[in-house]
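1. Turn this into a structure:
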Amino acid sequence: MPSLDRSATVAQIVTEHFVAARVFQKHQIDFCCHGDVTVAEACRDRPLDPEQVFAELEATIPASGPDASEDPRALSTAALVARIVDRHHGYLRRQLPFISPLVSKVARVHGARNDRLAAVADAFLELKEALEPHLDQEEEVLFPALVARRPDLEVVRRELETMHADHLAVGALLARIRALTDGFTTPEWGCNTYRVVMSELEALEADVLRHVHLENHVLMPRFARKEGASC
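-> Got it, this is the predicted structure:
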């Protein structure tokens, strides 16, 4: 495929090529809450070579380019909201209660060998308690406001501000869990449940980052423009 635009922001690259998210996740480059920077800027003051990151991105992105059927920008607001609820809210509603007892079990059984596991369990519980009401608020208040024939711009503005603040808090919790688990690493002595927990936590992080990216960089800008036009 042709070389990626070096002046594009991290968020723009993920919006154009959703598979790029896995490369940024691997390198802990925030493409959702702080994605309005270039790759070079994201690598600054870190042991990362921007050209190496671009090489990985270009190797990951299919030569045929993005799948038009998967481009969220082409969706109506109602269809985009439906995709978010079906794919990402549905995933979280299944996985949060599934992972929760496993994290607690691993902390209880292996806490003596890794004293950070208790902190992992606490951070996961905090994440769960932050996400579950966030999903409800979006589905019951924000999303209906966005798809209304005549959106109430004051309600939209208030709810989008709340959504963005929630996303920042969730991003910080995900970063804490990644740090506490050494990047979701299972030690040699770790049991199968330990491995499952690390795998599920990494998958959860990946899905939440993509979820937040869609809301911050595809959904939210549509209404930011409308608000600006109304002033």
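
2. Enumerate every residue touching Asn114.
-> Pro187 (CB atoms under 8 Å, 6 or more residues apart in numbering). Placement of C-beta: from N, CA and C, glycine included.

3. Just say helix, strand or coil for it.
-> coil (DSSP: H, G, I helix; E, B strand; the rest coil).

4. For it, grab phi and psi.
-> phi -140, psi 100 (degrees, to the nearest 10).

5. Could you number the chain from 8 rather than 1 from now on?
-> With 8 as the first residue, the last one maps to Asn121.

6. And it, how far from Leu226?
-> Using CB to CB, to the nearest Å, we find Asn121 at a distance of 39 Å from Leu226.

7. so how far is Asp78 from Ala86?
-> For Ala86 relative to Asp78 (CB to CB), the value is 11 Å.

8. likewise Gly97?
-> 21 Å.

9. Okay, and the residue nearest the centre of the chain sits in which element?
-> Nearest to the geometric centre of the chain sits Leu216, at 0.9 Å (CA atoms, centre = their mean). Secondary structure assigned from DSSP states H and E places Leu216 in helix 199-221.

10. Just the buried positions in that helix, please.
-> Of the residues in helix 199-221, 201, 203-205, 207-209, 211-212, 214-221 count as buried by neighbour count, 16 or more other CB atoms under 10 Å.

11. if you average pLDDT over that helix, what comes out?
-> Rounded to a whole number, the mean pLDDT of helix 199-221 is 97.
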